[in-house]
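**Student:** compute the structure for the input listed below.
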Amino acid sequence: MKDDDLRRPRVVRAGGAAPGRKPRTVWRAGKPASNQGSRQVVVRVRGRLASKPAVGRSLNYISRGGTLPALHSSGLLVLGREALRHIRDRWCGDNAAYATGRAEGTQALGVVLSMPAGTPLAAVEAAAHAWARKHLSPDTEWLAVAHADRAHPHVHVCVRAVKLDGRRLTASPAQVQQWRVSFAEYLVGQGVEADATSRHEKLERSRERRLEHAHERVLARALGHDVPPVSLTR
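**Tutor:** Residues are numbered from 1 along each chain as shown. As a prediction, this is how the structure comes out:
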């Protein structure tokens, strides 16, 4: 897939909103925009692993004891407990070499990328791999494993917390939101509709909607019109 193949986001106004309302960004895969039924992407940092045993437990969990293949950032598939132990030991050993004179801190990060039930697992997995290559490679090692044991398809990515040049990986809220938008773009490239609206944007949109309804009701009363109850749920 080429970057040029990705559709730019369409600006969608919920329910024919007034021009003053802040629009919502929804990523679409080749069909007219509508704010109905959009699929919210999830990118979440689930754990900051601070020790070698913690890294080992995480790798063991996401690979189901080494029985599920894990895609390494090099492009190779990793399978089996022995291979996972080797990666754990190397990551933690190399991290310690960069921690001269200070506490070693986080050894690895656990990131989960998921979509609602009904989304094809293959599309979620391909989008997650593309996301990892863009935002983590080539200077950060990672392992990714797709899970289909729950209703919502998801991919676990265990990321080494120290980059190959010794700098530490950061995962601020703003950066995680950028990851969500990027994940949504790659899902669109797989033909999946995806919404990367942040929680802040949702709260702001809800506040503006309440103010708009209050203004409309005041205006209706001033004109002597009946004011029916209005549901703010959309």
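**Student:** quick one: the strands in the protein?
**Tutor:** Secondary structure of the chain, counting by DSSP state E: strands at 10-12, 24-27, 42-49, 70-72, 77-78, 108-114, 142-147, 154-160, 194-195.
**Student:** distance to residue 92 and mean neighbour count added to those strands, as TSV?
**Tutor:** Where you see a C-beta, it was placed from the backbone N, CA and C, and this is true even at glycine. Formatted as TSV, those follow (distance: least, Cβ to Cβ, whole Å; neighbours: other Cβ atoms under 10 Å):
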stretch	distance to residue 92	mean neighbour count
strand 10-12	45	15
strand 24-27	38	20
strand 42-49	9	17
strand 70-72	16	20
strand 77-78	16	15
strand 108-114	8	23
strand 142-147	14	22
strand 154-160	9	24
strand 194-195	35	24
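**Student:** now these in CSV, with distance to residue 170 and mean pLDDT?
**Tutor:** Shown next, in CSV, are those (distance: least, Cβ to Cβ, whole Å; pLDDT from 0 to 100):
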stretch, distance to residue 170, mean pLDDT
strand 10-12, 30, 38
strand 24-27, 24, 45
strand 42-49, 11, 92
strand 70-72, 22, 97
strand 77-78, 25, 97
strand 108-114, 10, 96
strand 142-147, 15, 98
strand 154-160, 11, 98
strand 194-195, 24, 90
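**Student:** in TSV, list these along with distance to residue 123.
**Tutor:** Output for the strands of the chain, formatted as TSV (distance: least, Cβ to Cβ, whole Å):
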stretch	distance to residue 123
strand 10-12	20
strand 24-27	13
strand 42-49	15
strand 70-72	15
strand 77-78	19
strand 108-114	12
strand 142-147	11
strand 154-160	11
strand 194-195	10
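**Student:** tell me which of these lies nearest to residue 173.
**Tutor:** With respect to residue 173, and counting by Cβ to Cβ, the nearest of the strands of the chain is strand 42-49 at 9.5 Å.
**Student:** relative to strand 108-114, how tilted is the closest one?
**Tutor:** 160 degrees (axes from the mean of the first three to the mean of the last three Cα atoms, to 10 degrees).
**Student:** list of residues touching strand 42-49?
**Tutor:** For strand 42-49, contacts defined as Cβ atoms under 8 Å, 6 or more residues apart in numbering pick out 54-55, 58, 106-115, 154, 158, 161, 171, 176, 179-180, 183.
**Student:** quick revisit: and residue 94, which of the strands of the chain is closest to it?
**Tutor:** Nearest of these to residue 94, taken as Cβ to Cβ: strand 154-160 at 8.1 Å.
**Student:** show me what the closest one is packed up against.
**Tutor:** Judged by 3 or more Cβ pairs under 8 Å, 6 or more residues apart in numbering; DSSP states H and E, strand 154-160 is in contact with helix 52-62, strand 108-114, helix 121-135, strand 142-147.
**Student:** export those as CSV, with columns for distance to residue 166.
**Tutor:** Shown next, in CSV, are the helices and strands packed on strand 154-160 (distance: least, Cβ to Cβ, whole Å):
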stretch, distance to residue 166
helix 52-62, 18
strand 108-114, 15
helix 121-135, 19
strand 142-147, 17
